[in-house]
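[1] prediction below, plus the sequence it came from.
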Amino acid sequence: MVKIYLNDDRDYSEVVEEWVREFIWTMDEDIHDGGGRPGDESGDAPKGVKIIFDGYGCNEETDIEDDVNQLSFAVFVHKTSLTEDFPEHEQTPWALIHRPKEEVCIWAWYDVNEDQVTIVPFEDNNSTELNHDFVTKLIFEIRDRDNHD
């Protein structure tokens, strides 16, 4: 179990978990068969939030990232996500260009066998230069906005 270091006494991991679960169940491709492609963003996400399938876990037997029972996702929340559509990322041939001054990237793992989502605390991975209290508040405001629509 990952320890969450809360920055304002609220555990945002439950909110992000809900977003990841909704994304998984609404994706165009069945990622459970090993045919998923990193960068797939075909699932549903809250307005202003970007979620992408990031790949499979490392298989201990093959030592390559083909463990279809461990799925990785990147959840991007931009500083304007509450009121605007998510601004597109610039891309290289192999990856998108993350903007830590403007957004946070929250990593999530889905264990297929256990039906468990693990959220990696953004506070632990230097994925943003935004104020951590601001990010946490923003996540809850997006949830509250969507629950009232």
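    Received, thanks.

[2] what sits against residue 110?
    Residue 110 sits next to 20, 24, 70-73, 116-118 when contact means C-beta atoms under 8 Å, 6 or more residues apart in numbering. C-beta here means a position set from N, CA and C on the backbone, and glycine is covered the same way.

[3] how far does the longest helix seen in the chain sit from the chain's center?
    Counting by DSSP state H, the longest helix found in the chain is helix 132-148. If you compare the mean C-alpha spot of helix 132-148 with that of the full chain, they lie 15 Å apart, counting by C-alpha atoms, centre = their mean, to the nearest Å.

[4] list the buried residues in it.
    For helix 132-148, burial by neighbour count (16 or more other C-beta atoms under 10 Å) applies to 132, 135-139, 142-143.

[5] which stretches in this structure count as strands?
    49-59, 64-78, 103-111, 116-120 (DSSP state E).

[6] turn those strands into a markdown table, including distance to residue 16 and mean pLDDT.
    Putting those into a markdown table (distance: least, C-beta to C-beta, whole Å; pLDDT from 0 to 100) gives the following:
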| stretch | distance to residue 16 | mean pLDDT |
| --- | --- | --- |
| strand 49-59 | 9 | 94 |
| strand 64-78 | 6 | 93 |
| strand 103-111 | 6 | 97 |
| strand 116-120 | 5 | 96 |
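
[7] rebuild those as a markdown table, extending it with distance to residue 89.
    Putting these into a markdown table (distance: least, C-beta to C-beta, whole Å) gives the following:
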| stretch | distance to residue 89 |
| --- | --- |
| strand 49-59 | 8 |
| strand 64-78 | 8 |
| strand 103-111 | 9 |
| strand 116-120 | 20 |
